[in-house]
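S.K.: I would like the atomic coordinates for the input below:
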Amino acid sequence: MEVGQTIHYIKIGTFTLLFLMHFEPTSGLPIHPDYAPYFAFINNGQYTAGSQGKSSHAIYCYFLNVGISIIQYYNFKIERMEGNNASGGSNDGILLALHRNEVLDELKQCVCSYYHWIVLLLVLSDGIRLSSPVFLSAVLIILAFINLWRGADLYLSHPTVFIRKWRLITIYLLAAVFLRIVALIGDGLVGHFLIHDKAKHSISYTSFHVMLSYFSNSSEDTTPYGELSTDSFLFDVVTFAALLLQLRLISSWHFQRTVIDIRADRIVCYRGVVLQTQLIYKAMTYHQQQDRRRLAKIKRTVGAVVKLNLPFGEWFVESIRGWNENLLHTVDSAKGNMKETTFDSHS
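M.R.: Numbers count the residues shown, from 1 in each chain. The predicted model follows:
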């Protein structure tokens, strides 16, 4: 720990001395950079006029290094205090480490949450630029628009489906760029070999040139092979690099944690709606079951009436009369049994 502090003390003192020597103390005017001591280590001590523009801002880099060294020194100081108070006095070092980890995790989750929007916008812009043929650019626009339309619902799909979507966009863009490069090189080769024999191969040259120019999206009539330009592929390369980084982020732990958090937030946000929907469905199901039971009872009653072959009114009267007769017979039987039981007990 003491060695690290000594090194940082030396760095701070050295950069402070360099700053003081950069200015003339008597006149207050800055010394010419040719006499600055720290330029002796640049270009073998030769500070020419051509190198002045390159190293004019070097002093700002030194001060940035000084600031970083001071921050490191204070961090070492906190860790040293924590080491001296090992019995459990100060927790500043632990709290600082936890705070750093939390900030880093939040930054990574922010990147994992919103980086895919940037990638999809790049893909959409690449398609709108029409740097590739129309049908190739149209597919890029459709793929980007579909994924942009889904928004955060992309994270709610199955991981395998999610990864396949990004791989499809990446491979398709790579294939489109590869096709354009092959067409551009082929057009240059055709122009190089057949430019002197246009009279003999006019039809074949024209057909090849039109086809290759369409796929390479080049407006030049004849471009020698040595003068081919790939400046139009710069945006495609940037988009492809962004897609590769997105594929790398998908397999990271922080991305998986972000997906879990997004799904948990979505469940919490829609819990009330889901519960209300479930209760409504349960009530509707209960009422439907009650209606089905009533309908089944009515069907059984109507079926019994049809089997009796009686008018509905007569059947209803007969059923009530028979029910009353059975009830009276049951009451009389109960009274007779009670009288017999009482007589036996008295005797």
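S.K.: helix or strand for Ala296, just tell me which one.
M.R.: Per DSSP states H and E: Ala296 is located in helix 271-308.
S.K.: could I get the average pLDDT for that helix?
M.R.: Average pLDDT, helix 271-308: 73.
S.K.: tell me which element Tyr172 is part of?
M.R.: Applying DSSP H and E, one finds Tyr172 within helix 159-194.
S.K.: who are the packing partners of that helix?
M.R.: Taking 3 or more C-beta pairs under 8 Å, 6 or more residues apart in numbering; DSSP states H and E as contact, the helices and strands that helix 159-194 lies on are helix 92-128, helix 134-150, helix 202-216, helix 234-250. (C-beta placed from N, C-alpha, C; glycine too.)
S.K.: now do that helix against helix 134-150, angle only.
M.R.: With axes from the mean of the first three to the mean of the last three C-alpha atoms, to 10 degrees applied, the angle from helix 159-194 to helix 134-150 works out at 160 degrees.
S.K.: the helices and strands packed on helix 159-194: lowest mean pLDDT?
M.R.: Among the helices and strands packed on helix 159-194, helix 202-216 has the lowest mean pLDDT, at a mean of 61.
S.K.: hmm, Arg248 and Gly112 touching each other?
M.R.: Careful, residue 112 is Cys; it's not Gly. No: assessed by C-beta atoms under 8 Å, Cys112 is found out of contact with Arg248, at 11.0 Å.
S.K.: need the contact list for the closest residue to Leu143 other than its chain neighbours.
M.R.: Distance criterion C-beta to C-beta, 6 or more residues apart in numbering; nearest residue to Leu143, sequence neighbours excluded, is Ile169 at 5.3 Å. The neighbours of Ile169, taking C-beta atoms under 8 Å, 6 or more residues apart in numbering as the test, are 123, 140, 143-144, 147, 243.
S.K.: one more time with 10 Å
M.R.: Contact analysis of Ile169 by C-beta atoms under 10 Å, 6 or more residues apart in numbering lists 119-120, 123, 139-140, 143-144, 147, 239-240, 243, 246-247.
S.K.: just the buried members of those?
M.R.: 119-120, 123, 139-140, 143-144, 147, 239-240, 243, 246 (16 or more other C-beta atoms under 10 Å).
S.K.: picking that back up, which neighbours do Cys112 and Arg248 have in common?
M.R.: Taking C-beta under 10 Å, 6+ apart as the criterion, Cys112 and Arg248 both touch Phe255.
S.K.: which one of these two is surrounded by more residues?
M.R.: Using other C-beta atoms under 10 Å as the criterion, Cys112 and Arg248 rank with Cys112 on top: 23 against 10.
S.K.: please verify my assumption that the more buried one contacts Arg257.
M.R.: Yes: in this structure, Cys112 is within contact of Arg257 by C-beta atoms under 10 Å, at 8.1 Å.
S.K.: what sits closest to Phe235 if chain neighbours are left out?
M.R.: Nearest one to Phe235, counting by C-beta to C-beta, 6+ apart, is Asp126 at 6.0 Å.
S.K.: related to what we said a few turns ago, so for the residue nearest to Leu143, what's the pLDDT?
M.R.: 86.
S.K.: gap between it and Gln256?
M.R.: Distance of Ile169 to Gln256, computed by C-beta to C-beta, to the nearest Å: 20 Å.
S.K.: ok, Ala296 next?
M.R.: Ala296 sits 52 Å away from Gln256, going by C-beta to C-beta.
S.K.: the more surrounded of these two?
M.R.: More neighbours surround Gln256 than the other of Ala296 and Gln256, with 13 against 10 (other C-beta under 10 Å).
S.K.: helices or strands up against the helix or strand harbouring the more buried one?
M.R.: Element membership of Gln256 [criterion: DSSP H and E] is helix 253-269. Where contact means 3 or more C-beta pairs under 10 Å, 6 or more residues apart in numbering; DSSP states H and E, helix 253-269 is packed against helix 92-128, helix 159-194, helix 234-250.
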